[in-house]
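Asker: A predicted structure for the sequence below; I have some questions about it.
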Amino acid sequence: MEPREENSGSSTNNNLQTNEEAVIKLMENIDVDISKNGPIDVDANGTGPQQESAQEVVKKKKKKNKSKKKKEPLEQTDPPSIPVIELFPSGEFPEGEIQQYKDDNLWRTTSEEKRELERLEKPKYNAVRQAAEVHRQVRKYIRSILKPGMLMIDICETLENTVRKLISENGLQAGIAFPTGCSLNWVAAHWTPNSGDKTVLQYDDVMKLDFGTQVDGNIVDCAFTVAFNPMFDPLLEASREATNTGVKEAGIDVRLCDVGAAIQEVMESYEVEINGKVFQVKSIRNLNGHSIGPYQIHAGKSVPIVKGGEQTKMEEGEFFAIETFASTGKGYVREDLECSHYMKNFEIGHVPLRLPTAKKLLGTINKHFSTLAFCRRYLDRLGESKYLMALKNLCDTGVVQPYPPLCDIKGSYVSQFEHTILLRPTCKEVISRGDDY
């Protein structure tokens, strides 16, 4: 047993010596680490750096990755369903196309006083830009799904329901500005299907899609034409380029008649061959663009599309709808067909109504449309029924104005393009401009 005791003592001495060397080495390492990296955690036994578990390491990495990841911006769905306010969380909506003023108004571009005026109007500008962004996204979607064989009423209801979603419809604060015009061929404007209409879009149709959006009464009025048959392309190009010319010519202190003359010159430089017959394209002389006011689609000034119009000038701060109509017919429209569009008279005061149903209908109109245009389908949607007599009474007393379809001669074709512009103090903004037109 003694030899074992001797060996045990020798082993203990060796272990002590080894432990002392290990501690010295450890302390040296700790000194080095502290000088480089700061203090090191020591485990409960004081024998070395604290070891992290694999799970803790993974958790820390995940936290770092999460903090590094930026929140991905929302993208619009297909079909569109996300309100544009959610796509622009900052609440700032894109500017339209900016065009500088010419000649005598060039100084406005750099005027600090005019810039300050614009800063004061920022909420209004942002509201109308929101309406324009909705218009762009809705028309992009509608253009992608249009095809021959679709019911006109389905096209309108799909478009209108998409507007309602994207603009976050909220009574008179945000929504549709006027009924969806989808006038076909020789019908130039103001036609939308009434409930039960079975009209089908055909391959050889020329359809004008004219719809409006509004936020806080700031209206975007914008239209385009769809034709599947390429033989109509020159007709569409005529109105598109004429509208672009009108937009370019418009400006502060510009006379309305000068805009009309420029539009007509471009419009009537076009010809179109339809089924072997060549037609000179004409501007429709009794259709016009117009100024736009809060909750007022036609605010008093008319922008002609032929020469010889009013000498009245455009003014700073005004909104205008610049729209042109190209026709293969007479270039003159008349009222025809069943009426679908109506609008409360903007100037009307109190009118005593004897018919109880007319009073009730006027209450619905005041609540849901005020002075914005509406159609019979919109009344149906609100649950109104058997209202035609009441509606006629409101029209007869002048409280409501009917707007029947406007038609050129039967068998002719009409195309239309339209943009809303804002004459800002420093520049002209084409509010509704998009990648499409």
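Answerer: Thanks, I have it. Numbers count the residues shown, from 1 in each chain.

Asker: lowest average confidence, helix or strand, in this protein?
Answerer: In the chain, the helix or strand scored least confidently by mean pLDDT, DSSP states H and E is helix 2-37, which has a mean of 46.

Asker: quick one, domains of this structure?
Answerer: As given by the TED database, the domain ranges for the chain are 87-106+120-335+410-430, 339-403.

Asker: span of stretch 407-427 from start to end?
Answerer: End-to-end distance for stretch 407-427, by CA to CA, to the nearest Å: 36 Å.

Asker: in that stretch, which residues are buried?
Answerer: Buried residues in stretch 407-427, counting neighbours by 16 or more other CB atoms under 10 Å, are found at 407-408, 412-427. For every residue, glycine as well, the C-beta is placed using N, CA and C.

Asker: stretch 296-316 too?
Answerer: Neighbour-count burial for stretch 296-316, with 16+ other CB under 10 Å as criterion, is recorded at 296-299, 301-307, 309, 314.

Asker: among those, which one lies nearest to residue 166?
Answerer: residue 297 (20.2 Å; CB to CB).

Asker: tell me the pLDDT at the closest residue to residue 321 other than its chain neighbours?
Answerer: Among residues not flanking residue 321 along the chain, residue 221 sits closest, at 4.2 Å (CB to CB, 6 or more residues apart in numbering). Residue 221 carries a pLDDT value of 99.

Asker: any idea how far residue 214 is from residue 221?
Answerer: 9 Å (CB to CB, to the nearest Å).

Asker: overlap in contacts of those two?
Answerer: Contact criterion CB atoms under 8 Å, 6 or more residues apart in numbering; residues shared by residue 221 and residue 214: residue 177.

Asker: now do residue 103 against residue 254, distance only.
Answerer: Distance from residue 103 to residue 254, by CB to CB: 10 Å.

Asker: would you list every one of the strands in the stretch 151-300 of the chain?
Answerer: With DSSP state E, counting those that start in this stretch as the criterion, the stretch 151-300 of the chain has strands at 174-184, 187-189, 206-215, 218-227, 271-274, 277-280, 282-283, 289-292.

Asker: returning to that earlier point: looking at the buried residues of stretch 407-427, which are in helices?
Answerer: Using DSSP state H, no member of the buried residues of stretch 407-427 sits in helices.

Asker: make sure residue 222 is actually in contact with residue 432.
Answerer: Yes - at 3.9 Å, residue 222 counts as touching residue 432 under the criterion of CB atoms under 8 Å.

Asker: got any residues that touch both of these two?
Answerer: What both residue 222 and residue 432 touch, as defined by CB under 8 Å, 6+ apart, is the set 132, 135, 419, 420.

Asker: restricted to strands, list the residues you listed.
Answerer: Applying DSSP state E to those, the entries found in strands are 419, 420.

Asker: dump the shared contacts of residue 222 and residue 432 into TSV; add distance to residue 243 and pLDDT as well.
Answerer: Shown next, in TSV, are those (distance: CB to CB, whole Å; pLDDT from 0 to 100):
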residue	distance to residue 243	pLDDT
132	16	99
135	15	99
419	6	99
420	11	99
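
Asker: tell me the pLDDT of residue 109.
Answerer: For residue 109, the pLDDT comes out at 83.

Asker: assumed it was part of a helix.
Answerer: Yes - going by DSSP: H, G, I helix; E, B strand; the rest coil, the assignment for residue 109 places it inside a helix.

Asker: give me the neighbour count for it.
Answerer: By the measure other CB atoms under 10 Å, the count of residues near residue 109 is 13.

Asker: now swap in residue 385 and tell me
Answerer: Count around residue 385 with other CB under 10 Å applied: 8.

Asker: what's the answer for residue 228, then?
Answerer: 15.

Asker: I figured it hits residue 207, correct?
Answerer: No - Residue 228 lies out of contact with residue 207 (CB under 8 Å); the separation is 9.3 Å.

Asker: helix or strand: which one has residue 321?
Answerer: When elements are defined using DSSP states H and E, residue 321 is found to belong to strand 319-327.

Asker: what strands flank that strand, and is each parallel or antiparallel?
Answerer: Sheet pairing of strand 319-327 (DSSP bridges) gives strand 282-283 (antiparallel), strand 289-292 (antiparallel), strand 414-423 (antiparallel).

Asker: as a check, name the ranges of all helices in this protein.
Answerer: For the chain, applying DSSP H gives helices covering 2-37, 54-68, 84-87, 112-120, 122-145, 152-166, 233-249, 256-267, 356-368, 376-381, 388-396.
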